[in-house]
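Student: return a 3D structure for these sequence lines:
(one chain, ligands or ions: 2)
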Amino acid sequence: MAVTLASPVTELRGIGSAKAASLAKLGVKAVGDLLRLYPRAYQNRGDVHTVAEVGEACRRSQSPPPVSLELTVSSEPKLAVIRRGMSITRFKAFDETGVVEISYFNQPFMKNVFHTGAVFRFWGRVELRGGRLTMANPVQEAVTEGTPLLPIVPVYPLASGLRQKLMQSLIREALSAANTEICDHIPPSVLRRCGLCSLSYAIKNIHFPDSIQSLDSARRRMAFDEVFTVSSAMCSAKLAKKSGGAPIIKADVSPLMKLFRFELTGAQKRCVSEILGDMSSGAPMSRILCGDVGSGKTAVAALAAYAAAASGYQCALMAPTEILAKQHYAQLSPMFFALGLGCVLLCGSLTAAEKKKIQASLSSPDAPMLVIGTHALLSEGVEFRRLGLVITDEQHRFGVNQRAALRRKSQGAHNLVMSATPIPRTLSLVIYGDLDVSRLDEMPPGRQKVSTFKVDESYRRRLLGFVRKQAQEGHRTYVVCPSIEEKPKQAEDAEELYDISFLAPEEEEPPMKAAVSYAKELSEKLPDLKIGFIHGKMKTAEKDAAMASFAAGDTDVLVSTTVIEVGVGVPEATLMVVENAERFGLSQLHQLRGRVGRGKAKSWCILVSDTENESSLRRLDVMCRENDGFKVAEEDLRLRGPGDFFSRGGEFRQHGSADMRFAAEVTDTRLTEQAVECATEVCTADPRFEKEEDLALGAVVRKMLEESEDTVS
Ligand code: ADP
Ligand code: MG
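Tutor: Ligands and ions are numbered 1, 2, ... in the order given. You can find the predicted model right below:
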């Protein structure tokens, strides 16, 4: 029986249970999975150099990158035992411009591979040793008439017992099994319009590219595909959501507005009118309000809640932590009470009796109109009377189950999500494609700019002095480190040593500061200050205690990983020190910076980094220049492409099985935009994907929506 894409890999020649287990570790169970096991790098072996060129490169640089040489063996290999259990096979090979000495360690069988006069393509690093050009353990391929060698060789991720050559042959078999099975889900008209290659061409060339150009067009196609498919799914989910009915909420919000001690900013006015427009439309609102920390999202949310209350509907406002919920309650309840509207706080730390009382009140005829709380709002006994609006602050910080529960509870109500992560406009269409987006892109007047500087290790002493000075003036400092514990470097497989990637090379970066050990180090260097720490592996109660101690001023310096509460303001915090700042994405740095500058005192953000990597330096430079979150996000996208945004799955919503691996590498934002535009067009014209050319897309979209947990929130 012929092997198909659905066949288990054990049906392939040479795959027994041990190798099948290794493949399973790579996510490969069926033959078809092999097609989606993409190379992690490529070796450009078709780019053959001459010995003379390589010699020149060796004289210029200590360790030139691996190269390809086509050489004729000029001496019979000699096998020598150098030490017990250590052998070396050595011979010479040449081209018309020079000679290279080639050696293999501990591979005595190599003696039988090479013979005088045979021609091989060698791939590896050439080194100049004692005036001679040498190559140790290169990859060799025999050059024979009639069987051309691959110009570009894929490098696959491996697991134990798997070698590159085996992976290549497995993937070849999968490709030939796929020959008739690959069905393109991008409608042909879209492919034509955007100048994209077919799916089968793309898959073949991702694995075995004919040239750099064909690899490039394959990758463009895949990148477009990822964005296009997700956007189609999002768009379809959005249309489906809008089809239901929802309470009509229509009210004059000026009574609440009069209680604010300020005028709304232009952006706040715009966002409020977008929200009120949605809620009066008769269709359910699914909207996200994006705005930097401090941009005044609470006021906008309060007006939406008031509109619901004034129209006779309850509003639930849910925050990810108790601290945040309490903060909201402290801000909003006085105004609601002043307007004669009930408001309650429901969170985990209440006693059972208190909870019971509040729960009972929620469904009573004179139920409070605004209910603020944590995920306690989602628990069993909580029944709302006339829930018209659900507002979720920092939704990404709720767990999967909580979000599902929220979805059930809020069925039929309007939904507003608030996020403090500014994201570029193009990407918000991909990431929040099923939501309408309101952008709070203007800060309330009088907000101070946080002065931002980049320093290197040589400033350490002065930096410590600065931290001490802040404390002496009654101010507080955050220190953020990239990880909890130092991670050991991954050992490389010997076979992998010569990879070149077409992707940006892994950045060589200085070692990481670890929060716990760094807090200890700081306590020794600043014995007069009180140093605390907080990290993601601590229990919630421990975290809350560390945070509370910092907020109360019992701790002067809080060393943390990036878990510190995004929304909680400690107005006395005036200094944010970010260690190994090169490790953070721009948007992340911006969020960290948003934790200072919330009080009246002048605030600083110091980015500590010893990096010499140019792109890292450019990023840090953007931070020193820009204070606006949306601008920082746009710059982040421009400098690094969308990869960072797509990979921050925890922070943004995950789209089920959607993988943004190719889309993440594309720095051409036009391609992303085009994919979103095309998806929107296709979906709007054929929302049920019923046209002949949309059928395949429809199937993919439905599968994605089934697997996705977040698209219906
Ligand atoms: P966030 O968007 O981070 O939730 P908040 O809603 O907490 O921001 O607002 C931050 C601060 O700005 C609050 O103290 C709030 O009272 C104040 N504020 C909000 N809107 C305005 C405005 N239009 N003018 C002046 N201050 C404002
Ligand atoms: Mg807030």
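Student: count of neighbours near K29?
Tutor: Residues lying near K29 (other C-beta atoms under 10 Å) number 14. Just so you know, the C-beta spots here come from the backbone N, C-alpha and C atoms, and that holds for glycine as well.
Student: any idea which strand is longest in the protein?
Tutor: When secondary structure is assigned using DSSP state E, the longest strand within the chain turns out to be strand 86-95.
Student: relative to that one, what are the paired strands and their orientations?
Tutor: As defined by DSSP bridges, the strand partners of strand 86-95 come to strand 67-73 (antiparallel), strand 78-83 (antiparallel), strand 98-105 (antiparallel).
Student: dump that strand to CSV, keeping only the CA atoms.
Tutor: Once non-C-alpha atoms are left out, strand 86-95 reads as follows in CSV (Å, rounded to 0.1, in the frame of the first residue of the first chain):
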residue,chain,number,x,y,z
MET,A,86,41.5,9.1,19.4
SER,A,87,42.2,8.8,15.7
ILE,A,88,42.6,11.2,12.9
THR,A,89,42.2,10.6,9.1
ARG,A,90,44.0,13.1,7.0
PHE,A,91,44.5,13.9,3.4
LYS,A,92,45.0,16.7,0.9
ALA,A,93,42.6,18.0,-1.7
PHE,A,94,42.9,20.8,-4.2
ASP,A,95,41.2,23.0,-6.8
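Student: buried residues, it. List them.
Tutor: 87-93, 95 (16 or more other C-beta atoms under 10 Å).
Student: look up the closest residue to D436, ignoring the ones flanking it.
Tutor: In space, and not counting its chain neighbours, D436 is closest to R287: 4.6 Å by C-beta to C-beta, 6 or more residues apart in numbering.
Student: that neighbour touches V437, doesn't it?
Tutor: Yes. Counting by C-beta atoms under 8 Å, R287 touches V437, with 7.3 Å between them.
Student: the two: who's more crowded?
Tutor: Neighbour tally, R287 and V437, criterion other C-beta under 10 Å: the higher count belongs to R287, 22 against 18.
Student: now do the contacts for the more buried one.
Tutor: Under the criterion of C-beta atoms under 8 Å, 6 or more residues apart in numbering, the contact list for R287 reads 274-275, 278, 415-417, 435-438.
Student: repeat that with 6 Å
Tutor: Residues touching R287, when contacts are defined by C-beta atoms under 6 Å, 6 or more residues apart in numbering, comprise 278, 416, 435-436, 438.
Student: distance between stretch 438-449 and the chain's centre?
Tutor: 26 Å (C-alpha atoms, centre = their mean, to the nearest Å).
Student: now swap in stretch 608-625 and tell me
Tutor: Offset of stretch 608-625 from its chain centre (C-alpha atoms, centre = their mean): 20 Å.
Student: picking up where we left off before, Three-state assignment for the residue nearest to D436, please.
Tutor: Secondary structure, DSSP: H, G, I helix; E, B strand; the rest coil: R287 is strand.
Student: give the bridge partners for it, please.
Tutor: When bridges are assigned using DSSP bridges, the partners listed for R287 are L416, D436.
Student: now for the top helix by length along the chain, which elements pack on it?
Tutor: Scanning the chain for the helix with the most residues, using DSSP state H, yields helix 212-242. Contact analysis of helix 212-242 by 3 or more C-beta pairs under 6 Å, 6 or more residues apart in numbering; DSSP states H and E lists helix 199-207, helix 669-685, helix 695-707 as its packing neighbours.
Student: okay, buried residues for it please.
Tutor: By neighbour count, with 16+ other C-beta under 10 Å as the criterion, the buried positions of helix 212-242 are 214-215, 217-238, 241.
Student: how about the residues of the protein by ligand 1?
Tutor: 262-265, 268, 291, 293-299, 420, 444 (C-beta under 6 Å from any ligand atom).
Student: most widely separated two among those residues?
Tutor: Taking C-beta to C-beta, the two most distant members of the residues of the chain next to ligand 1 are E263 and A420; they sit 22.2 Å apart.
Student: pLDDT below threshold where in the stretch 1-150 of the chain?
Tutor: Residues of the stretch 1-150 of the chain meeting the criterion pLDDT under 70: 1.
Student: can you give me how far the longest helix of the chain is from the chain middle?
Tutor: The chain centroid and the centroid of helix 212-242 are separated by 17 Å, computed with C-alpha atoms, centre = their mean.
Student: chain center to the following helix or strand past it: distance?
Tutor: With elements assigned by DSSP states H and E, the helix or strand that comes after helix 212-242 is helix 254-259. If you compare the mean C-alpha spot of helix 254-259 with that of the full chain, they lie 40 Å apart, counting by C-alpha atoms, centre = their mean.
Student: for helix 254-259, what is the average pLDDT?
Tutor: When pLDDT is averaged over helix 254-259, the result is 96.
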